[in-house]
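**Q** When you get a sec, could you give me coordinates for this:
(2 chains)
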Amino acid sequence: MIEMKQIRKVYSTGKVEVEALRGVDLEIGSNEYVAIVGPSGSGKSTLMNIVGCLDTPTSGEYVLSGERVGGLDRNRLAEIRNKRIGFVFQNFNLLPYATALENVELPLLFAGAPARQRRERAAAMLDRVGLGDRLEHKPTELSGGQMQRVAIARALVNTPAILLADEPTGNLDSAAGKAIVSLFAELYAAGQTIVLITHDASIAKLASRVVQVRDGQIVEDRRAA
Amino acid sequence: MKARYEFLKTEAALVWRLFRADAEHQTKRIALTILAIAWGTLSIVMLLSFGEGLKRAFHKSKRGLGENIAILWPGATTKAFAGLPSGRTIAFRDEDADLLRERIPEIESLSREYAKWIGVTNGRKTVNGRVRGIDPCFGEIRHILPQRGGRFVDEPDLAQKRRVIVLGDQLAIDLFGDEDPVGRTVQINQSSFLVIGVMQPKTMMGMYSGPDKGQASIPATTFKAMFTDAKVQNLVYRPVSAAAADQAKAEVYRILGAKYRFDPEDTRALSIWDTREDQRIVDNIGIGIQMFLGVIGALTLFVGGMGVANIMYAVVKERTREIGVKMALGAKMRQVMTPFVLEALLMTVIGGFLGTTVSLGLMAIIASLPLEGEAFDFLGRPTFSPGVAVATAAVLGTIGMLAGYFPARRAASVNPAESLRYE
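**A** I've put the predicted structure just below:
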């Protein structure tokens, strides 16, 4: 599903060049639950941006579901993100002026789905994450845990190949965090491929595979027994 | 196409909410910008409407002389023809009118015009005026319409050489003051004439031998009987249509050329004033003035557009993170840009609506003002027309689109990875 070969990413800010990734090889198959861990500044956010097609590598080859991502234009990358990747962010990133339902509808809207289909699928997905009774609520009317569930519903509504989560429990209290983590486990059990970025070891250990990043390189790749 | 419509529909609903949210924390700024747009719209609508009024006043005053008519004067030959030398003067005869009427089907109506400057007397008051002897169709050709209670010279007047007279409105006032002249008599050359009508006031853009308001008309036959040595000074005709005018003109030269023996190509032998040309020029001047005014208005509106663009740039900056989120969810460039363009258009439309409403109110006020005088007759009143509406909407739309497009393009150039980290 994900094949990365010798991925390098160099940021140049003015005169200084920072090598965020220095030759990463990573393969992720379908229905894996991968946790990418590492200290801040290790390059794991950069790695996630590249996996999520938000950013392109400076060099190296990235094949996602059989398609080479390098050299694609912005609109094509947007389409790939829309169809293949579902993002979940630490700070939820919901549109504050839109209802839960509308937030979940967004990826379908960008995909050009008709209104009825959008509505039905978004409602079904919210129901699946346990928010079937909160469709018309604005984000400000929801708790942190509920907001993150909306975000997960939004990430999954277009049935992406990969659910990509960046510190999904970072802004939640432990109870809400636990609930989200168990939701992830549920999704994984149902066949969803998940890539999770975290520095919380207790969350990482629930994954089927833990990839440790340090100084822009993978230093450890350990599968659960 | 359908998907695109769906997208626009949903986005429009979200944009409306976004706009209200923006309006809440940027009230002053947005209000000022909308005001600027309203002001720009006001100026463009007022200027265009003023131009429209001017154009219509032009149109009205060019009708003063008569529409699509030609006036024909005898001249002198400049080419030798059929053995005759050049430099012969041509003089019209009475029967030329009938000849041209009969022979040229392109001529709808034609009138002789005899004329003499002479005193017109009412009791002890005498006013010098141009008195002309004409055929009944002259009134219609030259747009000399009688006021209520009066009439123009008619066929029986002509046939019976009646001593009847139609006064120009100014002449009527000079002779009779506030009194109604119709039914009274005036003296010309020691003969009594019954006043049968007074001309309706009109504005004239083009004229020959002075404005019609100071002239009087009597039947051509009466004129000839009174001044036996009088010659036809000129002929006035109207072609059946504007398209037939050139043909009519050529025929006039051909027929009179054959009769008076001059080369039909000799344009000096007869001079024809084809008022169509002047009317075209007047029309073009009207359009030119309106365009000029429109450009001034558009520039004012453009300043308002800058305000909108400025706000939109700020909004793009404010929403950088949101743009990143939308991109992460798979929004294409166009889909990122659309809401910003829509929001700019929304502001422009609100301002435009406001400005148009105020200008319509202003125009209603101007229309109700009792403005009198020749200058106002000439300028007309600002008039809102469908053309003005379309032009204003087009300018507003373009400015709104541009004011949204450039900030939106900046939004679309946002790097999603960076914008997600943007606080």
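
**Q** Now do the longest helix seen in chain B: which elements does it pack against?
**A** What stands out as the longest helix in chain B, according to DSSP state H, is helix B:275-318. In terms of contacts (3 or more CB pairs under 8 Å, 6 or more residues apart in numbering or on different chains; DSSP states H and E), helix B:275-318 is packed against helix B:27-65, helix B:333-368, helix B:386-412. Heads up, the C-betas are built off the backbone N, CA and C, glycines and all.

**Q** Let's have those in a markdown table, adding distance to A:Leu21, mean pLDDT and mean neighbour count.
**A** Listed next are the helices and strands packed on helix B:275-318 as a markdown table, based on distance: least, CB to CB, whole Å; pLDDT from 0 to 100; neighbours: other CB atoms under 10 Å in any protein chain shown:
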| stretch | distance to A:Leu21 | mean pLDDT | mean neighbour count |
| --- | --- | --- | --- |
| helix B:27-65 | 43 | 86 | 21 |
| helix B:333-368 | 27 | 90 | 20 |
| helix B:386-412 | 26 | 90 | 20 |
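
**Q** got a markdown table for the ones you listed, with distance to chain A too?
**A** Shown next, in a markdown table, are the helices and strands packed on helix B:275-318 (distance: least, CB to the nearest CB, whole Å):
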| stretch | distance to chain A |
| --- | --- |
| helix B:27-65 | 16 |
| helix B:333-368 | 6 |
| helix B:386-412 | 8 |
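
**Q** Take these and lay them out in a markdown table including distance to A:Val213.
**A** Putting the helices and strands packed on helix B:275-318 into a markdown table (distance: least, CB to CB, whole Å) gives the following:
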| stretch | distance to A:Val213 |
| --- | --- |
| helix B:27-65 | 45 |
| helix B:333-368 | 31 |
| helix B:386-412 | 31 |
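
**Q** Of those helices, which is nearest B:Leu171?
**A** helix B:27-65 (16.0 Å; CB to CB).

**Q** now the angle between helix B:386-412 and the closest one, please.
**A** Inter-element angle recorded for helix B:27-65 and helix B:386-412: 150 degrees (by axes from the mean of the first three to the mean of the last three CA atoms, to 10 degrees).

**Q** And helix B:27-65, what does it pack against?
**A** helix B:275-318, helix B:333-368, helix B:374-379, helix B:386-412.

**Q** can you redo those as JSON lines with distance to B:Ile37?
**A** Formatted as JSON lines, the helices and strands packed on helix B:27-65 follow (distance: least, CB to CB, whole Å):
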{"stretch": "helix B:275-318", "distance to B:Ile37": "4"}
{"stretch": "helix B:333-368", "distance to B:Ile37": "3"}
{"stretch": "helix B:374-379", "distance to B:Ile37": "28"}
{"stretch": "helix B:386-412", "distance to B:Ile37": "8"}
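
**Q** Can you say which of these is nearest to B:Cys137?
**A** Of all the helices and strands packed on helix B:27-65, the one in closest proximity to B:Cys137, counting by CB to CB, is helix B:275-318 (16.2 Å).

**Q** How far does the closest one sit from its chain's centre?
**A** Helix B:275-318 has its C-alpha centroid displaced from the chain centroid by 19 Å (CA atoms, centre = their mean, to the nearest Å).

**Q** same check, this time on stretch A:137-150
**A** Stretch A:137-150 sits 18 Å away from the centroid of its parent chain (CA atoms, centre = their mean).

**Q** Name the residues of that stretch that are buried.
**A** Using 16 or more other CB atoms under 10 Å in any protein chain shown as the test for burial, stretch A:137-150 gives A:137-139, A:142, A:144-150.

**Q** Name the surrounding residues that touch stretch A:140-153.
**A** A:86, A:88-89, A:92-94, A:96, A:100, A:103-104, A:122, A:125-126, A:128-131, A:134, A:139, A:163, A:168-169, A:171-173, A:175-177, A:179-180, A:183 (CB atoms under 8 Å, 6 or more residues apart in numbering or on different chains).

**Q** Next, give phi and psi for B:Gly206.
**A** Backbone geometry at B:Gly206, expressed as degrees, to the nearest 10, gives phi -120, psi 150.

**Q** Burial check on it, number of neighbours?
**A** Neighbour count of B:Gly206, defined by other CB atoms under 10 Å in any protein chain shown: 15.

**Q** and the gap between it and B:Gln147?
**A** The spacing between B:Gly206 and B:Gln147, counted by CB to CB, to the nearest Å, is 23 Å.

**Q** helix, strand or coil for the one residue in chain B that gets nearest to chain A?
**A** Scanning chain B for the residue nearest chain A gives B:Gly330, at 2.3 Å (criterion: CB to the nearest CB). Following DSSP: H, G, I helix; E, B strand; the rest coil, B:Gly330 is assigned to coil.

**Q** Spit out the contact partners of the closest residue to it other than its chain neighbours.
**A** Ranked by CB to CB, 6 or more residues apart in numbering or on different chains and with sequence neighbours excluded, the top spatial neighbour of B:Gly330 is A:Asn82, at 2.3 Å. Contact analysis of A:Asn82 by CB under 8 Å, 6+ apart lists A:107, A:110-111, A:158, B:329-331.

**Q** residue ranges with poor pLDDT in chain A?
**A** Where chain A drops to pLDDT under 70, the residues are A:225.

**Q** So which residue is smack in the middle of it?
**A** Against the mean C-alpha coordinate of chain A, by CA atoms, centre = their mean, the closest residue is A:Leu164 at 1.6 Å.

**Q** re earlier: minimum distance to B:Glu140: which of the helices and strands packed on helix B:27-65 has it?
**A** Comparing those under CB to CB, the one sitting nearest is helix B:275-318, at 14.9 Å.

**Q** Just to be sure, A:Lys5 is in a strand?
**A** Yes - per three-state DSSP, A:Lys5 lies within a strand segment.

**Q** residues from chain A in reach of chain B?
**A** A:49, A:52, A:54-55, A:74-75, A:78-83, A:87, A:89, A:93, A:95-98, A:102, A:105-107, A:109-115, A:154, A:158 (CB under 8 Å from any CB of the partner chain).

**Q** Buried subset of those residues as a ChimeraX selection?
**A** A single ChimeraX command selects the buried members of the residues of chain A next to chain B (16+ other CB under 10 Å):
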select /A:49,52,54,55,78,79,80,81,82,83,87,89,93,95,97,98,102,105,106,107,109,110,111,113,154,158
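
**Q** low-scoring pLDDT stretches of the stretch 101-250 of chain B, where are they?
**A** Low-confidence segments of the stretch 101-250 of chain B (pLDDT under 70): none present.
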